[in-house]
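Q: can you look at this prediction? I've put the sequence above it.
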Amino acid sequence: MSLRINNLSEADIQHRESFKSFVLRHAESWHREHLGRLFEVWEKANARFFGDDIDKVPRHVLTQGIGTILEARHLVLLAWGAGKASAIARAVEGPVAAMVPASALQLHPHVTIVVDEDAAGELTLADYYRATWAAKPEWQGL
């Protein structure tokens, strides 16, 4: 499974998951795949894929919940650009919090995060992460 930071300022994993506590998320069935309604900001952002006609943008989406995502054997998060720096820093170095659903990736035992220098721009421990990656044994694979 792969997660990609989209062209907005937040992670795709946050779509329709914000404002719900992790306690509720794991206690109810909707933390799995479910039909969701796009927020207006997402409709506007996706209009570019529909000839810039917001009326052609689908209003509902089928989305994976965090519970399903966390069941993957290996998660890969890709991000590039300075516009993703804040989201990456909060997801990687911030506390696990409902307001930053991508922070739930910290709970997974096998996550690979690949970012460019711009997306890594707000990581406090960027030098540590680079050194860790450089010293990673071959047998670990990704």
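A: Happy to help now that I have it.
Q: any idea how far residue 82 is from residue 33?
A: 32 Å (Cβ to Cβ, to the nearest Å). For every residue, glycine as well, the C-beta is placed using N, CA and C.
Q: repeat that for residue 110.
A: 21 Å.
Q: for residue 85, same thing?
A: 30 Å.
Q: more neighbours: which of those two?
A: Neighbour comparison, residue 85 and residue 33: the larger count goes to residue 85, with 21 against 12 (by other Cβ atoms under 10 Å).
Q: am I right that the more buried one is in a helix?
A: Yes - counting by DSSP: H, G, I helix; E, B strand; the rest coil, residue 85 is located in a helix.
Q: what residues are up against it?
A: 118-123 (Cβ atoms under 8 Å, 6 or more residues apart in numbering).
Q: so what's residue 115 closest to, chain neighbours aside?
A: residue 79 (4.7 Å; Cβ to Cβ, 6 or more residues apart in numbering).
Q: now do the same for the one you found: its pLDDT.
A: pLDDT recorded at residue 79 is 96.
Q: that one against residue 88, yeah?
A: Yes - between residue 79 and residue 88 there is a contact under Cβ atoms under 8 Å: 5.4 Å.
Q: and the helices in the protein, which stretches?
A: Secondary structure of the chain (DSSP state H): helices at 22-27, 40-46, 66-70, 85-93, 126-134.
Q: and those, which is most packed in?
A: helix 85-93 (a mean of 21; mean count of other Cβ atoms under 10 Å).
Q: report the angle between the axes of that helix and helix 126-134?
A: 60 degrees (axes from the mean of the first three to the mean of the last three Cα atoms, to 10 degrees).
Q: I appreciate the help and will end here.
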